[in-house]
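1. This is a predicted model, with the sequence first.
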Amino acid sequence: MTNIDVKKLTSCNSDWETNQYTLLSRVKEWESNFRKNRLYPYLNDSIELHYSLAEILQENLESKWWLEREVGQRVDDERIIVYDKAQQVSEQLNHLLSFVEWALRLNRPIMEEGLIIKEFIEDNLMIKTISSEPNFRGKGYFSLIDNKKQVFNIYLYDLKWGWSNDEPSHTLNIKPVRSIPLALVDSNEEEVMKEFIKNSQLLFKPMVYIFKNELDFSYEETIYPVAEEKLLATIMS
């Protein structure tokens, strides 16, 4: 399990000590995987946690400021019960804010460590097209070598359009179509892909991308997801 129920962790009726232990355990898991150069899904979880906590912190700071201002303006003898209730709410908010601030401090260096690894991979994972056609935002192929398994992988991608938060979004549907042991590859990546396009594929004049990959990191948890993200950015550029 990698996803974190942030709402449950930040419920005002929470056991804050238990919540700290739960979150600490999860962040340590992410850190352990980053130290082994395994990024996903852990980096996405860390980033999502950061933004969720930052949003909760801002919302509850505003609530605390409003509560203190209103109570300070309206306290009198006739409203002592309301004041006591407000104090209880204020104490709960203080516990929540302390936990969220602690969680942000805990997660931030781990998230930044993961982002540094990702940036290194992006800088060393080169992508080029061998298509003679202009960039077509539809279907195409790309190749990516798995250096650990010594395999030359060829994939078919299909760009999909949709909407997210009233904004247009784009995703890639990717299907593996060929895996060739590097021991059987007797030419460079470009020649292999040109031969594949000439004899094996079904699309007419497809877009074809090649990744230059000499990295010895985890393929499924690091290289492939970073390549997928970089491919989407390249197609949309």
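-> Alright, I've got the coordinates. Predicted model only: the values in this text are computed from it and were never measured.

2. The helix or strand where Arg26 lies packs against which elements?
-> For Arg26, the enclosing helix or strand under DSSP states H and E is helix 16-35. Secondary-structure packing of helix 16-35 (3 or more Cβ pairs under 8 Å, 6 or more residues apart in numbering; DSSP states H and E): helix 6-9, helix 42-74, helix 80-124. Using the backbone N, CA and C atoms, a C-beta is placed for each residue, glycine as well.

3. Give me the buried positions along the first one.
-> It stands for helix 6-9. Of the residues in helix 6-9, those buried under the neighbour-count criterion (16 or more other Cβ atoms under 10 Å) are 6, 9.

4. May I see the buried residues of the helix holding Arg26?
-> In helix 16-35, counting by 16+ other Cβ under 10 Å, buried: 19-20, 22-23, 26-27, 30-31, 33-34.

5. what does that helix contact?
-> Outside of helix 16-35, the residues that reach it under the criterion Cβ atoms under 8 Å, 6 or more residues apart in numbering are 2, 4, 9-10, 39, 42-43, 45-46, 95, 98-99, 102-103, 106-107, 110, 113-114, 117, 221.

6. what do you get if the cut-off is 6 Å, keeping everything else the same?
-> Residues lying outside helix 16-35 but in contact with it, judged by Cβ atoms under 6 Å, 6 or more residues apart in numbering, are 9, 42, 46, 95, 99, 103, 106-107, 110, 113-114.

7. That helix: how far from the chain's middle?
-> In this view, helix 16-35 has its centroid 17 Å away from the chain centroid, taken as Cα atoms, centre = their mean, to the nearest Å.

8. try stretch 36-45
-> Averaged over its C-alpha atoms, stretch 36-45 has a centre that lies 8 Å from its chain's centre (Cα atoms, centre = their mean).

9. domains for this structure, by residue range?
-> 6-124, 126-236 (automatic domain parsing).

10. Export those to TSV and append columns for mean pLDDT.
-> Rendered in TSV, the data for these read as follows (pLDDT from 0 to 100):
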stretch	mean pLDDT
domain 6-124	80
domain 126-236	89
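
11. just to revisit the earlier point, could you turn the buried ones of the contacts of helix 16-35 into a ChimeraX selection?
-> The following ChimeraX line selects those of the contacts of helix 16-35 that are buried, judged by 16+ other Cβ under 10 Å:
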select :9,42,46,99,103,106,107,110,113,114
